[in-house]
Every structure is written in C-alpha cells, then in structure tokens.
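Asker: Sequence first, predicted coordinates after that:
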Amino acid sequence: MTRNVGNVDQIVRIVVGLALIAFALGWIFPGTGLNWLGWIGIVPLATAAVSSCPAYSIFGVSTCEKPSPEA
C-alpha cells in the first residue's frame, strides 16, 4: 500500500473518527436511536493509522506533500 494520506488529512481523520465513536458510545447526543451509526468512525481511524485510503487510490488522489524539486 502506498501512502496517500497527508499529515493534515490524517489529523482530521483521527478527530472525526474519535467524534463518531464518542457519538456511538452515547457521549455526544445520547439516546437518539441512531448512535450505532457512529461506529463508522472506525474507518477514518483505520485509514489514518495506515496512512492509506482505498478511495483515494481508486480516484488517484493524494494529500501527501509533494517533494520539492532540487535546484
């Protein structure tokens, strides 16, 4: 797997993933009946952990910093 998730993207994925899991556990908006949807937060956490997103690979996207050209 090639790395295609940059540092900023990785931080955003971690924050969103943790917020979704907090929602699933009922720490955010408890008792809505849709808290089970928060378990989808595992996906952004997993893609942040491995620094690779399968959807990015399919569409040829990368948020990694490009190496600067040497003079």
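Answerer: Everything's here; your move. Numbers count the residues shown, from 1 in each chain.

Asker: Remind me what the lengthiest helix in the chain packs against, helices and strands.
Answerer: Using DSSP state H to define each element, the chain has its longest helix at helix 7-24. With contacts defined as 3 or more Cβ pairs under 8 Å, 6 or more residues apart in numbering; DSSP states H and E, the packing partners of helix 7-24 are helix 42-50. Using the backbone N, CA and C atoms, a C-beta is placed for each residue, glycine as well.

Asker: which residues are in contact with whatever helix or strand comes next after the helix it packs on?
Answerer: With elements assigned by DSSP states H and E, the helix or strand that comes after helix 42-50 is helix 54-59. Helix 54-59 is contacted from outside by 2, 4-5, 47, 61-63, using Cβ atoms under 8 Å, 6 or more residues apart in numbering.

Asker: so which of those residues comes closest to Pro69?
Answerer: Each of the contacts of helix 54-59 was checked against Pro69 using Cβ to Cβ; the closest is Ser62, at 17.0 Å.

Asker: what does the model give the closest residue to Ile11 other than its chain neighbours for pLDDT?
Answerer: Computed as Cβ to Cβ, 6 or more residues apart in numbering, the closest residue to Ile11 that is not its neighbour in sequence is Ala48, at 7.9 Å. Looking at Ala48, its pLDDT stands at 96.
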